[in-house]
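Colleague: below: sequence and its predicted model.
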Amino acid sequence: MALIHTTFTKQHRQCDAMFADAEAAVAAGNWQQAEQDFSAFAESMESHLGNEEEILFPAFEERTGMSGGPTMIMRTEHVQIRGLIAEMQSDIEEKAADHYLGISETLLILMQQHNAKEEQMLYVMCDNVLGDDETDRVLGNMKDIG
């Protein structure tokens, strides 16, 4: 049963869809919609990253004893993702479409690479090492991402 993989991959897809909606609104110059869509994306991403950093990663690290491995790399990438999201938030506020769209390309590539590592490696590892009780606890403590 691959509950971690399925649940967290679903969150990736939800965030991806929100990201695409915000990008489309910016490209169309619909700033009111862009602000709404981007806000939903940013909040959902923060919830997802929080679910990983505060709930999933500590459970994995406790079970495996690995704190300097894949979770450390993912946390570093989370910092990069948050930095790009902050830049994009400023672009929304300033209605700077060209800069926003350039940064969104960078973020899209980073998210695609990041998600692939989590989905193909880390989530599979979590499903393999976390028992049913720990998986239930992780999933039960997760924040809804929208």
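Modeller: It's in.
Colleague: helices along the chain, start to end?
Modeller: 3-27, 31-50, 57-64, 70-94, 97-117, 123-129, 132-141 (DSSP state H).
Colleague: and those helices as TSV, adding mean neighbour count and mean pLDDT?
Modeller: C-betas here are computed from N, CA, C, even on glycine. TSV is the format used below for these (neighbours: other CB atoms under 10 Å; pLDDT from 0 to 100):
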stretch	mean neighbour count	mean pLDDT
helix 3-27	18	97
helix 31-50	18	98
helix 57-64	17	96
helix 70-94	16	98
helix 97-117	15	98
helix 123-129	18	96
helix 132-141	14	92
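Colleague: report the outermost residue of the protein with respect to its centre.
Modeller: Most distant from the centre of the chain: G29, at 25.4 Å, with distances by CA atoms, centre = their mean.
Colleague: right, and it touches Y100 too?
Modeller: No - at 11.1 Å, G29 does not count as touching Y100 under the criterion of CB atoms under 8 Å.
Colleague: can you tell me which residues contact Y100?
Modeller: By CB atoms under 8 Å, 6 or more residues apart in numbering, Y100 lies in contact with 26, 88, 91-92.
Colleague: now with 10 Å?
Modeller: When contacts are counted by CB atoms under 10 Å, 6 or more residues apart in numbering, Y100 touches 22-23, 26-27, 34, 38, 87-92, 94.
Colleague: then E23?
Modeller: 34, 37-38, 41, 88, 100-101, 104-105, 107-108.
Colleague: how about A24, what does it touch?
Modeller: 30, 33-34, 37.
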